[in-house]
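J.: 3D model of this:
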Amino acid sequence: MKICFFRHSLLSRGGDKVDIDYANYLVEQGHDVTIATNVLDTVFEVKAGIHRISRLKSKSVTILKALLFSESYDVVIADIVMMAFFLSFNNKNRLLYLALDYDESYYKSPLMRLLIRAVYFYCLRVQKIPTIACSEALGQVLKRHFKADVRVVSNGVDTEVFYPDPEYMSLKDGRPVVLVFGRSDYRKGFDVGLRVLAQFKAEIDSGSLAVWSVGEDLDTPFKMRRFGFVTPDRIRKILSASDVLLYPSRHEGLPLFVLEALACGAPVVTTEAANILTDGVDAIVCPIEDVKCLTKGLRTVLNDNNLKSGLIANGFNTAKKYALSQSKRLFEKHILTLFTA
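T.: You can find the predicted model right below:
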């Protein structure tokens, strides 16, 4: 099949990685796969062809191109519902919406949230665009609110890439390390993480506790070792050396970075947005934006070795349930079922 993933940008975030993993697998299975994008800046290996939409990198140009896009693909895939809307005018019968989160959660503005809800209604209820959701929870939301035609393919972790790797242990200098994921995106809750870490400021300032970050280089009121966006091999080493991942997200489809942490043996302190975890079993799970609970959970994991060992052991078991190899096979199967006569 001739397949196109259509995106404004291809960067180094979780959603970009999901698209690239699926595109690479489809290439390996003999499909002709292209990723059409306007901005290309990723650390991930891309085996699919890259089609640069325009030399102008503005979102307005991408939107215009999506509205006019009518090239000869068997399947056109969009992972943002607004992009699915723009593409639907010329690609309705070959369009697939890959839902990686509930897009209304990206916005704080009530007006924007209402607009996104209306777009969901049009795309999924009126146009009945077939949808693959990245988690059972997200699939149920789309079915319940929009009676969507949804199949579920859970995000997966590649345990041949993510596993305990001690190489970066020496970077800790004998100190416990808290890892955070730097994202300015409101739904990822980095601001909440800073409020939690503020409760540990004395330890951070004295050097008895280290804070590491991956992702965006964001301002913080205390010292933090910033690795930026790095390759999966380096992420594995960073996660493996971390004593705990603090992941205070407000909303998730299915948290890929959390799965990677579990596979590397990093205990996780997170929120109920990470909907695949059980509090006290494979992670510490708190109500969303509950700084007090997150602070207590983080301190407990850092100080209670028995709890930490239990979380790590159960975390390995959870990660095994979400194998990337299975996700890729199921993704291809649904595409063939949906778009092969």
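J.: just the helices in the stretch 1-150 of the chain please.
T.: Remark: helices assigned in the stretch 1-150 of the chain by DSSP state H, counting those that start in this stretch are 14-28, 59-68, 81-91, 110-120, 136-146.
J.: Same check on the stretch 201-341 of the chain?
T.: 201-206, 232-241, 256-263, 291-303, 305-320, 324-339.
J.: most tightly surrounded among the ones you listed?
T.: helix 256-263 (a mean of 27; mean count of other Cβ atoms under 10 Å). C-beta coordinates here come from the backbone N, C-alpha and C atoms, glycine included.
J.: Show residues contacting that one.
T.: Outside helix 256-263, the residues within contact range by Cβ atoms under 8 Å, 6 or more residues apart in numbering are 14, 17-18, 155-157, 159, 162-163, 179, 181, 235-236, 239, 242, 245, 247, 268, 270, 274, 276-277, 282-283, 315-316, 318-319, 322.
J.: For that helix, list the C-alpha coordinates in CSV.
T.: What follows is helix 256-263 as a C-alpha-only set of coordinates in CSV (Å, rounded to 0.1, in the frame of the first residue of the first chain):
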residue,chain,number,x,y,z
LEU,A,256,4.9,6.3,26.2
PHE,A,257,7.7,7.9,28.3
VAL,A,258,6.3,6.3,31.4
LEU,A,259,6.4,2.9,29.7
GLU,A,260,10.0,3.5,28.8
ALA,A,261,10.8,4.4,32.4
LEU,A,262,9.2,1.2,33.7
ALA,A,263,11.1,-0.9,31.2
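J.: Would you mind checking the average pLDDT for it?
T.: Mean pLDDT, helix 256-263: 98.
J.: Mind putting the helices of the stretch 201-341 of the chain into JSON lines with distance to residue 7?
T.: Output for the helices of the stretch 201-341 of the chain, formatted as JSON lines (distance: least, Cβ to Cβ, whole Å):
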{"stretch": "helix 201-206", "distance to residue 7": "37"}
{"stretch": "helix 232-241", "distance to residue 7": "20"}
{"stretch": "helix 256-263", "distance to residue 7": "17"}
{"stretch": "helix 291-303", "distance to residue 7": "32"}
{"stretch": "helix 305-320", "distance to residue 7": "27"}
{"stretch": "helix 324-339", "distance to residue 7": "16"}
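J.: Go through the ones you listed and name the closest to residue 120.
T.: helix 324-339 (19.1 Å; Cβ to Cβ).
J.: Would you mark the buried spots in stretch 159-175?
T.: Counting neighbours by 16 or more other Cβ atoms under 10 Å, one finds that the buried residues in stretch 159-175 are 159, 161, 162, 163, 165, 168.
J.: Among those residues, which one sits closest to residue 31?
T.: Using Cβ to Cβ, the buried residues of stretch 159-175 come closest to residue 31 at residue 161, 22.4 Å.
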